[in-house]
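**Q** Okay, structure incoming, though there's no sequence with it:
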């Protein structure tokens, strides 16, 4: 995502929430309202990471099972 797009999306979020999330004069400093959702965002990132890892495990398992089924089918022929 480009920086202008990110800035636009942050302003859009601030408008919809009716609060400022960042102090504009200081680079990257959050307002007190901006700090509030940080714990939730961290948890969401951990959950997303878990989902990605489990999805990888599931995909590898499905491939292994598919290969096993193909091997058994070939042996029957």
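**A** Nice, thanks for sending it over. This one's a predicted model, so the numbers in the text were calculated from it and none came from an experiment. Numbers count the residues shown, from 1 in each chain.

**Q** By mean pLDDT, which helix or strand of this protein comes out lowest?
**A** Within the chain, judged by mean pLDDT, DSSP states H and E, the helix or strand with the poorest mean is helix 38-76; its value is a mean of 87.

**Q** Quick test: name the residue nearest the centre of this protein.
**A** residue 48 (4.8 Å; Cα atoms, centre = their mean).

**Q** From residue 14, how far out is that one?
**A** When Cβ to Cβ, to the nearest Å is applied, the distance between residue 48 and residue 14 equals 23 Å. (C-beta placed from N, C-alpha, C; glycine too.)

**Q** cool, and residue 27?
**A** Residue 27 sits 17 Å away from residue 14, going by Cβ to Cβ.

**Q** which of those two has more neighbours?
**A** Comparing residue 27 with residue 14 by other Cβ atoms under 10 Å, the one with more neighbours is residue 14, at 16 against 7.

**Q** tell me the secondary structure for the more buried one?
**A** Each residue gets one of three states, and residue 14 gets helix by DSSP: H, G, I helix; E, B strand; the rest coil.

**Q** Pull up the gap between it and residue 24, please.
**A** When distance is defined by Cβ to Cβ, residue 14 is 10 Å away from residue 24.

**Q** now swap in residue 7 and tell me
**A** As judged by Cβ to Cβ, residue 7 and residue 24 stand 10 Å apart.

**Q** Have a look at these two and say which one is more surrounded.
**A** The residue with more neighbours, out of residue 7 and residue 24 and counting by other Cβ under 10 Å, is residue 7; that gives 11 against 8.

**Q** In terms of helices and strands, where is that one?
**A** In this assignment (DSSP states H and E), residue 7 forms part of helix 3-17.

**Q** what comes up buried for that helix?
**A** residue 14 (16 or more other Cβ atoms under 10 Å).

**Q** Residue 34: neighbouring residues, count only.
**A** Other residues near residue 34 come to 16 when the count uses other Cβ under 10 Å.
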